[in-house]
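Asks: Here's a sequence, model it:
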Amino acid sequence: MSSADEKRIGDANALEVAGEAQGQTKPVSRFTRWYRSPLFNVIIVGLISFTQPGIWNALNNTGAGGQQEPYLVNGSNALTFGIGVKKVLIIGTLGYAPYSASLYVNNRYGTEWFVLFGGATCGIAASALWASEGAIALGYSDVQDRGKFAGIWLGLRELGQLIGSSIQLSLNAGSSNRGKVGYTTYLVLIALQCLGLPLAFLVSPPEKVIRSDGTRGRVAAKRTTIKEELRKTWKLLKRKEMFLLVPILIGFQWNSTYLGIYMTKYFSVRARTLGSLVSGVAATLANIFWGWFYDLKYFSRPTLAKACWLFFVVTMLGSFGWQVANEKLYGDSNPRVTLDWENPGFGRGFASMVILRFLNESHYMYVYWIVGAFFDDLESLTLAVSLVRTFESVGSSVSFGIGAAAVSPMVNLVIAFAMFGITIPATSWVVFMVPERPVDLRKDDDGPSLGEESESIEADRVATKATESSGSSQR
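Replies: Residues are numbered from 1 along each chain as shown. You can find the predicted model right below:
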C-alpha cells in the first residue's frame, strides 16, 4: 500500500471519528427522521401533559378537585438518570387517573379514603412527570427553538383544560346556582387521562433523537444515585442564577389559590365552568404568543428578558389592584353576590380573573424560558426544571394551606399581592444576568463548572482538522 493510500484511509477514519463525535447518524428514512425529531417528541410530551395535569387543571379550576402537590422531585431526578427519561415519563402517566377516579367516587358516594390514596398516586406520578417532561421539552430542542417548544408543550397541556372545561360546561350549563359539578363530568375526563400511558411509549430516548441537521442527541448522563443527584442539585441551587429565582418560584402563582376561592365563592356553577374554559383559552394564547415572541431574532436575549420582565411587573401590579377593588365590592355585598352570565356586572368580575390567568401562564412560560436561557445540557436542564417544580410545590402547598384556613378571601388576595411584590427585586437581579447563549455545565466530582470546552466544540475541531488534512493531500 502506497503512502498516498494510507493517507487517504487515515483521512477517512478521521472524518468518521469526527462524524461520530458530532453525533451524525447513518442515512435514515423520512418517517424515522420525523418520529425521532425533537418536534415530534415535544408534541407527544405536550399531549401527555394534556391528558395528565391538563385534565387535572380542568377539574381543579372549577373547585372540584382539591390540590395535591408532590415533594418527590429530587428522588425522581435519580430515577431520570438511573432508568432513563422515557421510563420516568411512563411512570408519570400512571397516577393521575386514580386521583380523578377518587374524585368521582367522592362526588357520587362521599367516599373520602380513596381521595387520600388518589392524592398519593397523583403525587408520585406528578413528581416523575415533572422531572421528565420539562427536560424533554427544553433539552431535546435546539437553543433557538426553546421558546417555541416550551410554548407547544405548555400550550398542549392547556388543551386538556379546554376539552375538559368544554365537557364540564356542556354538562353543567343549566346550573345557574352555586354548588358542585355533576359526577358524570369525571367519567369522560378519566377516560382521557388513561390515554397518557400509550402516548408515553412513543417518546424517543435522548440518544436516539435526530435533530434537523442530522445530528443525534447526547445521552443525558451516566446512571446515578439519589445521594449523588441530591449533591448535584444542591450544587446547582447554589448558583446565583438559580437561588435568586427561588422567590418567584415560590410566589409567582400564589394567587392561583385565591382565584379558586374567588370562583367558588362568587360565581355560579356554569359560570365557573365557563371560567375554566375561557382561562384555558387565555393560557393557550399566552403559550402560543410567548413561544413565538421569545424566539424572535430581532432582540438579544438579555434585552428580551429585561423588556418582558418590566411588562410583567407593571401588568401584574395593575391587575392585583383591580382585583382588590373587585374583592372589596363582592365581599361587602349584601345579599351575597352570585355572578352569572345573565346577571349585570358579570363581565367585570369575570374579566379580571381571565387576565390574571393569562398573566400567570405568561409568568410560567417566562420562568422556563429564563431557565433555558442559562443552561444548555440535558442534565442541568432536568435538575433546574425539577428545582422550579419543587419550589413551585412549596409555594403552592403553603398558599393552599392558607386558602384552607379560616381567613377571608381579601386576606388571601393581599398575601398573594405581597408575595408577588417580594419576588420583584431578586428576579430583577436574575434578569440582568441572562446571557446571549446558555452554557453547557459539565458535571464532575467538583460539581458544575463553566469554561470547559463542550463536546460539540471538540467535535468541530476534529472535523476541521480532518477536512484540512484531506484538502492538503488532494493538493
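Asks: Report the central residue of this structure.
Replies: Geometric centre of the chain, nearest residue: residue 134, 5.4 Å, by CA atoms, centre = their mean.
Asks: List phi and psi for the residue nearest to that one when sequence neighbours are not counted.
Replies: Computed as CB to CB, 6 or more residues apart in numbering, the closest residue to residue 134 that is not its neighbour in sequence is residue 385, at 3.5 Å. Every C-beta, even on glycine, is put in place using the N, C-alpha and C of the backbone. When read as degrees, to the nearest 10, the backbone of residue 385 gives phi -60, psi -40.
Asks: what's the burial count for the closest residue to residue 403 other than its chain neighbours?
Replies: The spatially closest residue to residue 403, leaving aside those adjacent along the chain, is residue 257, at 4.0 Å (CB to CB, 6+ apart). Residues contacting residue 257 under the criterion other CB atoms under 10 Å number 24.
Asks: these two touch, right, residue 257 and residue 398?
Replies: No: with contacts counted by CB atoms under 8 Å, residue 257 stays clear of residue 398, the gap being 9.2 Å.
Asks: can you count the residues close to residue 152?
Replies: Residue 152 has 21 neighbours, counted by other CB under 10 Å.
Asks: could you list every residue that touches it?
Replies: 39, 42, 43, 46, 137, 287, 291 (CB atoms under 8 Å, 6 or more residues apart in numbering).
Asks: Recalculate using a threshold of 10 Å.
Replies: 39, 42, 43, 45, 46, 137, 141, 145, 287, 288, 291 (CB atoms under 10 Å, 6 or more residues apart in numbering).
Asks: From the chain's centroid, how far away is the helix or strand encompassing it?
Replies: Assigned by DSSP states H and E, residue 152 belongs to helix 146-172. Between the mean C-alpha point of helix 146-172 and the mean C-alpha point of its chain there is a distance of 13 Å (CA atoms, centre = their mean, to the nearest Å).
Asks: Quick one: name whatever helix or strand follows it.
Replies: Using DSSP H and E, the helix or strand that directly follows helix 146-172 along the chain is helix 184-193.
Asks: next helix or strand past that following helix?
Replies: Toward the C-terminus, helix 184-193 is succeeded by helix 196-200 as the next helix or strand (DSSP H and E).
Asks: Alpha carbons of the helix or strand that that following helix is followed by, in CSV - could you do that?
Replies: Using DSSP H and E, the helix or strand that follows helix 196-200 in sequence is helix 226-237. Output of helix 226-237 as CSV, limited to C-alpha atoms (Å, rounded to 0.1, in the frame of the first residue of the first chain):
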residue,chain,number,x,y,z
ILE,A,226,-30.4,9.6,44.8
LYS,A,227,-27.5,10.8,47.1
GLU,A,228,-25.4,11.8,44.1
GLU,A,229,-28.4,13.5,42.5
LEU,A,230,-29.1,15.5,45.7
ARG,A,231,-25.5,16.6,45.7
LYS,A,232,-25.7,17.8,42.1
THR,A,233,-29.0,19.5,42.8
TRP,A,234,-27.5,21.4,45.7
LYS,A,235,-24.5,22.5,43.6
LEU,A,236,-26.9,23.8,41.0
LEU,A,237,-29.1,25.5,43.6
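Asks: The longest helix out of those in the chain: which residues count as buried?
Replies: In the chain, ranked by residue count with DSSP state H as the criterion, the top helix is helix 301-331. Counting neighbours by 16 or more other CB atoms under 10 Å, one finds that the buried residues in helix 301-331 are 301, 304-306, 308-309, 312-313, 316, 319-320, 323, 326-327, 330-331.
Asks: For residue 107, state which of those is nearest.
Replies: Within these, the smallest distance to residue 107 is 26.7 Å, found for residue 330 (CB to CB).
Asks: residues contacting that closest one?
Replies: Counting by CB under 10 Å, 6+ apart, residue 330 makes contact with 262, 265-267, 336-339, 345, 348-349, 409-410.
Asks: Of the residues you listed, grab the buried ones for PyMOL.
Replies: Applied in PyMOL, the following selects the buried portion of the contacts of residue 330 according to 16+ other CB under 10 Å:
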select buried, resi 262+265+266+267+337+338+339+349+409
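Asks: low-scoring stretches of the chain, by residue?
Replies: Within the chain, the stretches falling below the threshold (pLDDT under 70) are 1-27, 58-84, 131, 164, 168, 171-185, 217-226, 404, 406, 440-475.
Asks: Could you check how many residues crowd around residue 422?
Replies: The number of residues near residue 422, taken as other CB under 10 Å, comes to 14.
Asks: can I assume it is in contact with residue 248?
Replies: Yes: with contact defined as CB atoms under 10 Å, residue 422 and residue 248 form a contacting pair (9.1 Å).
Asks: roughly how far apart are the residue nearest to residue 134 and residue 236?
Replies: 11 Å (CB to CB, to the nearest Å).
Asks: who touches both of these two?
Replies: Contact criterion CB under 10 Å, 6+ apart; residues shared by residue 385 and residue 236: residue 375.
Asks: Of these two, give the one with the bigger neighbour count.
Replies: It is residue 385, of residue 385 and residue 236, that has more neighbours when counted by other CB under 10 Å, with 27 against 22.
Asks: picking that back up, separation between the residue nearest to residue 134 and residue 242?
Replies: Per CB to CB, residue 385 is found 11 Å from residue 242.
Asks: Which neighbours do these two have in common?
Replies: Common contacts of residue 385 and residue 242 (CB under 10 Å, 6+ apart): 371, 375.
Asks: Who are the contact partners of residue 192?
Replies: The contact partners of residue 192, taken as CB under 10 Å, 6+ apart, are 50, 51, 52, 54, 55, 58, 97, 100, 160, 163, 164, 167.
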